[in-house]
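>>> Need a 3D model of the sequence below.
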Amino acid sequence: MILIPGIALLMMYANGQRQHGLDRDSRQFAQTILGVLSVIVLCLGVGFGLYALIRIYDSVVIQKSIPLEASIAFILRCLMAMFLIFGGWSGYKVSRQEEQQDLTMQESATREQNTDSFRVGLFVLICLPLLVPGSFGLMVFSMLAAVAFSFVAIVNHARANRLLWTLALAAKHNMNFQEEVDELALTEKGRHRDKLRILGAHLSRGTTLSHALLTGHQLLPFEYASAIQVGEETDTLNTVLPALAIKHSQKLKNFHTNSALNNLAIYAFFVTAMVFNVTAFIMYWIIPKFKQIFQDFGIELPAQTVSLINFSDFVLNYWFILLPLMFLPLLTLFAFVYVSLGYSRWIPKIIYRLFPRLATPQVLRTIGHIAEYGGSIPGTVATLTKLSPETGWTSRFRRVGIRIEQGEHPGKSLYGEGWINRREASAIDNAQQLGHLPWAMQSIADKLDKNRINRVRNWSEVFKPIVILALGMLVFFFAIGMFLPLVKMLNDLS
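Numbers count the residues shown, from 1 in each chain. This next block holds a predicted model:
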């Protein structure tokens, strides 16, 4: 296990030399080393997979059954094999990339995809020895962070809305932005007040409002800051800012409407945590004493009680695996709800590069805002290319801009980067011809968010009775397993 992170670190070093070597020969040598190391990792992955199959085959042939311990070991070995094969194959694809200056849009996008997959593979390989304890710690931390964030999300929405309305009124009445921001800071508390004071300091030094908002303090979403920059360039801030404030107020109202999903996720988390704690207490403290009492009486335990004792021993032996598996669906639900509600900035940027559809609503709203307030499509994309280094979308916006300059329609260009599907691309291109491009992009973004929310609602309605049924079966299993020996003992005594 220690060998695998060492190989992954060597692969990382070889990839760095492949990209930034001093001369061509050193870069080619590093590329060859990367390919060799990737093949070694691939072979290790295949070996782990074969070893897992051999061990489970031995359990079936020799013991004529598959014990729970053997099943867990088989799953873990298969996961190890999958991670190794993924890391090795992604590294091998990167090692096959030759140095070329003139790449087509498709080749450039493929290279970026392969590089992102390789980085994920390296991270997994380096963290592989900590897979089980690390997944448990990460799961606990993520769940606690998700619950804490759920309580402050609406506060952040309200703060952003107050800032937008402050700026909108200042622009409408030709007041000084810096003075108004400083006044607003006096009404806030904690870190948000410090962020507003830093914003005011930037404005007092002559920094433009859009640049001050994009300094990394995340006071406003990216699409609003980019639309503000277009308003500065076209001298229409007195129109742009009130319109943005009205739209954000509508979004805040939708956030209140959809907060039921957030409450559902919190409720599911606390119910699951409570059930797990009570069940763990019974299995750790009650059942062993229960087992010892009946062994002292010399009573033969019923099959249901034996199954309960075996299940208890299994959970106590493998709790560090079962706990992350139990809370992983809840964590996925939290992440999906936050992405749908527009608070996705805590999700790693590489996730958006690997799954660009997650960012589609935000990208469409950004382009729609800029186009609505006076920006042309090529100019809009050029603006986003300069503004988006922190979002991880710079290369995608750059390729979209090149495609549009070469004569492609905006919808087809966005489809080529994986942001929209064919149907959405056709709608955007038709809307551009009719002069309704901003409206079309906003409508598609709203529809995507609504579909995501409805999907979560539908699945939650499906899983509610399933969870209740599972809890009822668990209680029934514990009740039968613990009361049958008592009934048998009373019958024997009578």
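>>> use CA for all of it now, contacts and neighbours both
Will do.
>>> The helix or strand containing Leu34 packs against which elements?
In this structure, Leu34 sits in helix 24-63 according to DSSP states H and E. Judged by 3 or more Cα pairs under 8 Å, 6 or more residues apart in numbering; DSSP states H and E, the packing partners of helix 24-63 are helix 3-20, helix 68-95.
>>> of all these, which lies closest to Val230?
helix 3-20 (36.1 Å; Cα to Cα).
>>> CA atoms only for the closest one - export them in PDB, please.
The C-alpha atoms that make up helix 3-20 are tabulated as PDB, following Å, rounded to 0.1, in the frame of the first residue of the first chain:
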ATOM      1  CA  LEU A   3       4.300   1.700  -2.800                       C
ATOM      2  CA  ILE A   4       1.200   3.100  -4.600                       C
ATOM      3  CA  PRO A   5       1.400   6.700  -3.200                       C
ATOM      4  CA  GLY A   6       5.200   6.600  -4.000                       C
ATOM      5  CA  ILE A   7       4.500   5.700  -7.600                       C
ATOM      6  CA  ALA A   8       1.800   8.400  -7.800                       C
ATOM      7  CA  LEU A   9       4.200  11.000  -6.600                       C
ATOM      8  CA  LEU A  10       6.700   9.900  -9.200                       C
ATOM      9  CA  MET A  11       4.000  10.200 -11.800                       C
ATOM     10  CA  MET A  12       3.200  13.700 -10.600                       C
ATOM     11  CA  TYR A  13       6.900  14.700 -10.800                       C
ATOM     12  CA  ALA A  14       7.200  13.100 -14.300                       C
ATOM     13  CA  ASN A  15       4.100  15.000 -15.500                       C
ATOM     14  CA  GLY A  16       5.600  18.300 -14.300                       C
ATOM     15  CA  GLN A  17       8.800  17.600 -16.100                       C
ATOM     16  CA  ARG A  18       6.900  16.600 -19.200                       C
ATOM     17  CA  GLN A  19       5.100  20.000 -19.200                       C
ATOM     18  CA  HIS A  20       7.900  22.300 -17.900                       C
END
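>>> Which strand or helix spans Asn491?
Per DSSP H and E: helix 437-493 holds Asn491.
>>> thinking again about what came up before, the helix holding Leu34: which residues count as buried?
27-28, 30-46, 48-49, 51-52, 56, 59 (16 or more other Cα atoms under 10 Å).
>>> shouldn't Leu199 be in contact with His211?
No. The criterion here is Cα atoms under 8 Å, and Leu199 misses it with His211 at 9.9 Å.
>>> wait, which of the helices and strands packed on helix 24-63 is closest to Pro410?
helix 68-95 (30.0 Å).
>>> related to what we said a few turns ago, more neighbours, Leu199 and His211?
Leu199 (25 against 17; other Cα atoms under 10 Å).
>>> what's the distance between the nearest residue in space to the more buried one that is not next to it in sequence and Gly21?
Once flanking residues are discounted, Leu199 sits nearest to Ala212: 6.1 Å by Cα to Cα, 6 or more residues apart in numbering. Distance, Ala212 to Gly21, using Cα to Cα, to the nearest Å: 37 Å.
>>> try Val475
Val475 is 63 Å from Gly21, by Cα to Cα.
>>> Over to Val306?
64 Å.
>>> for Phe463, same thing?
54 Å.
>>> Which of these two has more residues huddled nearby?
Remark: of Phe463 and Gly21, Gly21 carries more neighbours, 16 against 12, as counted by other Cα under 10 Å.
>>> Nearest spatial neighbour of that one, chain-adjacent residues omitted?
Closest to Gly21 by Cα to Cα, 6+ apart is Arg27, at 5.1 Å.
>>> Let me know whether that neighbour touches Ile33 as I believe.
No. When contacts are counted by Cα under 8 Å, Arg27 is not listed as touching Ile33 (9.9 Å).
>>> for stretch 406-422, which positions count as buried?
409-420.
>>> how far is that stretch from where the chain is centred?
Its chain's C-alpha centre and that of stretch 406-422 lie 24 Å apart, by Cα atoms, centre = their mean, to the nearest Å.
>>> Quick one: end-to-end length of that stretch, please.
20 Å.
>>> Quick check: mean pLDDT of it?
For stretch 406-422, mean pLDDT is 85.
>>> going forward can the numbers begin at 746, since that is how I track them
Happy to do that; since the first residue is 746 now, the last one works out to stretch 1151-1167.
>>> Pull the residues that contact it.
Contact with stretch 1151-1167 is made by 854, 1101-1102, 1104-1105, 1122, 1141, 1145, 1148-1149, 1169-1174, as judged by Cα atoms under 8 Å, 6 or more residues apart in numbering.
>>> Show me which of those residues has the smallest pLDDT value.
Out of the contacts of stretch 1151-1167, that is Ile1122, at 67.
>>> so how far is Pro1106 from Tyr837?
Distance from Tyr837 to Pro1106, by Cα to Cα: 34 Å.
>>> Now for Ile1031, how many residues are close by?
13.
>>> can you give me phi and psi for it?
With angles defined as degrees, to the nearest 10, Ile1031 sits at phi -90, psi -50.
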